[in-house]
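Trainee: my questions concern the predicted model and sequence given below.
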Amino acid sequence: MSVTIIQKKGSGIPSAESLEVAEIAVDVVTGKLYTKTNDGNVVEISGSDGTGSSVHIGDTPPTDPQEGQQWMEVPADGDATMWIYDGGKWLQQPGGKDGADGADGKDGADGKDGADGLWTDEGSNTISYSGTVLMSQPDAGGGAVAIGAAAGGITQSGFALAVGNAAGYTAQGVSAVALGHNAGKTNQGAYATAVGPFSGEQNQADQAVSVGWEAAVKGQGISATAVGSQAGRINQGGYAVALGYAAGETGQAVQGTAVGYKAGQTNQGESVALGNLAGQTNQGQYSLAIGRYAGRNDQADGGIIISSAGTTIDSTSVGHIIIKSSTQEMRSIPDGGFAMNGDPLIGAKKLITTLSTLRNATKDETTLEGMRDALADAIGGLIENLEHEIATMPAGDES
């Protein structure tokens, strides 16, 4: 005998209150099926237009499910659960709401010690790093390191180091070092070192060294050394040395040496200036100036000035020699010899010449009167010569 089963029915979507969990209701207007899930929501399980997926009801899934097929699991006891097949597995739907957080569990056992880090505290305010640093542009040579905005930006050579904004930016040479803003920025030579803002900024030659703000900022020659702010700043010659603020600042010649505040500051020749403001301006070739203000302005070629007076001592006479203390001065004179505090010094050679002059003047005289007159004439000539030497001595160029 057949049995007719009539589902719960109505028009529209049934309310949750009108359904039990897993109970099915039919919308008699659209023919759609609805059921109530465990979380109290009413869901559609099929449509009458043929586009909806089928639903299987039972305690086991269908044997040959199709993608999109739904299964309402109705166990012998317990609540019904809706599933949908994604083509490979059954997924529960819709997901249930999150439950309340459970109570905190007990602390777990301590884990194993982690691996050693790259930084190690060595004590005494010292740390060490055991990692590998690889920071450079893609076109950099092997082993190159660049740290900072635009550092080592273009064609940095192998094993070069550039640290700071735009340090070693263009064509930094092999194994060169540039530390500081714009240090070694353009065409730094191989094995060159530039430390400080703008140090060795443009065209620092091979093996040159510059340390300090704007030290050797432009055109430092091969193997030159500039240490101090603005030392060797512009066009320092090859193998030249400038130590001190603005020492050898502009146009220092090849192999020139300037040590001290503004020593050899402008256009120093291949000469030596030691002391604050020594050989400051236009020191000549192969000259030597030692002491504060020694040879400060326009010292001539081949001259020597040594001073502890602390005042400006200059000479424009080629080959001059001046030695001056706070109370004494010895100075060379043009025809040879020296003057002490303005008085010519008579050396052994000149003394012999003087005595020979007197002897020759009297050797042919046979009378006392004749010898007296001859000696008077000879001595008068010697006095005239000494007066001429004194008159033609170079004036002391000092202030």
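Mentor: Perfect, I can see it now.

Trainee: next secondary structure element downstream of whatever helix or strand W71 lives in?
Mentor: Take DSSP states H and E as the rule and W71 turns out to sit in strand 70-73. Remark: after strand 70-73, the chain's next helix or strand is strand 81-85, criterion DSSP H and E.

Trainee: look at the closest residue to K36 other than its chain neighbours and report its pLDDT.
Mentor: Of all residues not flanking K36 in the chain, L19 sits nearest, at 4.0 Å (C-beta to C-beta, 6 or more residues apart in numbering). (Glycine included, C-beta is placed from N, CA and C.) Per-residue pLDDT puts L19 at 83.

Trainee: sorry, back to before: which strands and helices sit next to the strand holding W71?
Mentor: Here strand 70-73 touches strand 42-46, strand 55-58, strand 81-85, going by 3 or more C-beta pairs under 8 Å, 6 or more residues apart in numbering; DSSP states H and E.

Trainee: which of those is buried the deepest?
Mentor: Across the helices and strands packed on strand 70-73, averaging neighbours per residue (mean count of other C-beta atoms under 10 Å) puts strand 81-85 on top, at a mean of 19.

Trainee: list the pairing partners of the helix or strand just after it within its sheet, with orientation.
Mentor: Using DSSP H and E, the helix or strand that follows strand 81-85 in sequence is strand 90-92. Applying DSSP bridges, strand 90-92 is found paired with strand 81-85 (antiparallel).

Trainee: so how far is the strand it pairs with off the chain centroid?
Mentor: Distance of strand 81-85 from its chain centroid, counting by C-alpha atoms, centre = their mean, to the nearest Å, is 66 Å.

Trainee: any idea of the angle that strand forms with strand 42-46?
Mentor: 40 degrees (axes from the mean of the first three to the mean of the last three C-alpha atoms, to 10 degrees).

Trainee: show me what strand 81-85 is in contact with.
Mentor: Contacts to strand 81-85, defined as C-beta atoms under 8 Å, 6 or more residues apart in numbering, come from residues 35, 37-38, 43, 45, 53, 61, 65-73, 90-94.

Trainee: what of stretch 66-76?
Mentor: 22, 35, 45-46, 53-59, 61-62, 65, 80-87, 90, 93.

Trainee: how about stretch 258-278?
Mentor: By C-beta under 8 Å, 6+ apart, stretch 258-278 touches 240-257, 279-296, 299, 301.

Trainee: make a PyMOL selection of the buried ones in these.
Mentor: Listed next is the PyMOL selection for buried residues among the contacts of stretch 258-278, using 16 or more other C-beta atoms under 10 Å:
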select buried, resi 240+241+242+243+244+245+246+247+248+249+250+251+252+253+255+256+257+279+280+281+282+283+284+287+288+289+290+291+292+293+294+295+296+299+301
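
Trainee: strands - which of the contacts of stretch 258-278 land there?
Mentor: If you go by DSSP state E, the contacts of stretch 258-278 have 241-243, 257, 288-290 in strands.

Trainee: make CSV from these and add distance to G264 and pLDDT to it.
Mentor: Formatted as CSV, the ones in strands among the contacts of stretch 258-278 follow (distance: C-beta to C-beta, whole Å; pLDDT from 0 to 100):
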residue, distance to G264, pLDDT
V241, 10, 98
A242, 7, 98
L243, 10, 97
T257, 7, 98
L288, 11, 97
A289, 8, 96
I290, 12, 96
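
Trainee: let me know the average pLDDT across the strand holding W71.
Mentor: 80.

Trainee: return the set of buried residues in it.
Mentor: By neighbour count on 16+ other C-beta under 10 Å, the buried set for strand 70-73 is 70-73.

Trainee: out of the residues you listed, who's nearest D314?
Mentor: Closest to D314 out of the buried residues of strand 70-73 is Q70 (108.5 Å), distances taken as C-beta to C-beta.

Trainee: can you tell me how far that closest one is from T367?
Mentor: 161 Å (C-beta to C-beta, to the nearest Å).

Trainee: and if you look at A339?
Mentor: 39 Å.

Trainee: can you map out the strands along the stretch 51-200 of the chain?
Mentor: 55-58, 70-73, 81-85, 90-92, 119-123, 126-129, 145-147, 161-163, 177-179, 193-195 (DSSP state E, counting those that start in this stretch).

Trainee: what is the mean pLDDT for the first one?
Mentor: This means strand 55-58. Per-residue pLDDT over strand 55-58 has a mean of 75.
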